[in-house]
Structure formats: structure tokens, C-alpha cells
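A.B. asks: Got a predicted structure plus its sequence, pasted below:
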Amino acid sequence: MQIALKHLLLDLLSTLVFFVIVLLTNDIMLALCFGIGFGFLQIAVQRYLRSPIPPIQLMALALVLVFGASAFITNDSRFLMAKPSISRAAIGIVMLRRGWLARYLPKIARDALPAALVERVGYVWAALMFGLAALNIVVATTASTRIWALYSLMVPTTTKAVALIVTYLVFRSKVNRVLAPVRSDKLAR
């Protein structure tokens, strides 16, 4: 669980910085500058530490740059408000790739869980991302900037946290059932 939470937090860190700045200042362009700067800083630190940089993180930063530039050039924040939908849809597409979820699992879980289960749960995560993408469009087109920022900070993060906990509980239960005979056999010796 700690591995998954670490990866999830790293994936969301620059996004959290962006939304906190929007909520504090109601200035999307200022928040964009902080979000982009923090995203580059995060990648620089990962490079310095020789940590792998996940494609999802690079894609998210690239989308922020494209949509941020569009928002700056046109002075229209709707480009940035659409970005979460596009990035979540893109992440959903990446999550349709077989085996993506294994990166987030500890070795014992990768070894004990059936590949088909991990694959199906990965597809459920992809569906969640597509649903969050659609919901963001609805909120972005019907609510104020602050309501959208509050929604964007709270709802997707909470939804993903709940999904992570459910995934963890399902996987842990399955791993325990798979390993129970092995453990009891070792105790019998």
C-alpha cells in the first residue's frame, strides 16, 4: 500500500500545488506558473536521484504546458479547465495497456495475484479515469472557477483514494487466500 500511495502522491503533487494556489488566489494563471514550475522541479529531482520518471507524469506535464500556453496566449482559462478531462482520458487510455498496474504492486502481490485479476482491476481504473474526465467537463462548463478548483481538488482525489483502498483490500484479501496454505504448511513443519 505504501508503494502505491508513494507513486500516487508523486503523480499528483504538481496538480495539488496548482489547485491549492487557485483556491488561495482565484488566479489560474498564477497557479499555472507554480504548477509548471513544481512539475519541472519534481522531474529534475527525480533525474538527479536517478529515479524513473513514469510516462504518465511526463504526459501530464506536457499537457499542462500545451494547455497552459493556450490559456496564456488566448487569456482564456477554459483551456486549463479542460486539461484534466483530456489528461484523465489520456491516462485512461494508458491504463488500458495490459499490466500497467503491476508497477504499483509489491513483489509479493505480483507473484501471488492472478494476472487476469490485476488486468481486470486495471481496466476498472481506466473506466474510473474516463468517468472523471467526463464529470470534469460537466463541472468546468457549469460552475465557477473556484467551485471547479474545489471540485477538482477534492472529488477526483477522494474518488481515487477510495478506489485505491478498495483495490488494496481486494488484492490483500486475495493474496492472503493464496498464501494461507503456504503459511499453514510452513507452520506444520
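C.D. replies: Nice, thanks for sending it over. Residues are numbered from 1 along each chain as shown.
A.B. asks: Mind giving me the packing neighbours of the helix or strand encompassing residue 72?
C.D. replies: When elements are assigned from DSSP states H and E, residue 72 belongs to helix 55-74. Judged by 3 or more CB pairs under 8 Å, 6 or more residues apart in numbering; DSSP states H and E, the packing partners of helix 55-74 are helix 2-25, helix 28-48, helix 78-95. C-beta coordinates here come from the backbone N, C-alpha and C atoms, glycine included.
A.B. asks: What are the buried residues along the last one?
C.D. replies: Of the residues in helix 78-95, those scored as buried under the neighbour-count criterion (16 or more other CB atoms under 10 Å) are 79-92, 95.
A.B. asks: for those residues, which one is nearest residue 30?
C.D. replies: Among the buried residues of helix 78-95, residue 80 lies closest to residue 30 (CB to CB), at 11.7 Å.
A.B. asks: how about the helices and strands packed on helix 55-74, which one is nearest residue 170?
C.D. replies: So among those, helix 2-25 is nearest, using CB to CB, at 12.8 Å.
A.B. asks: picking that back up, what's the closest of the helices and strands packed on helix 55-74 to residue 180?
C.D. replies: Per CB to CB, nearest to residue 180 of the helices and strands packed on helix 55-74: helix 2-25, 22.6 Å.
A.B. asks: Show me what the mean pLDDT comes to for the closest one.
C.D. replies: The average pLDDT within helix 2-25 is 76.
A.B. asks: Kindly report the same for stretch 106-121.
C.D. replies: The model assigns stretch 106-121 a mean pLDDT of 91.
A.B. asks: I am finished for the moment; much appreciated.
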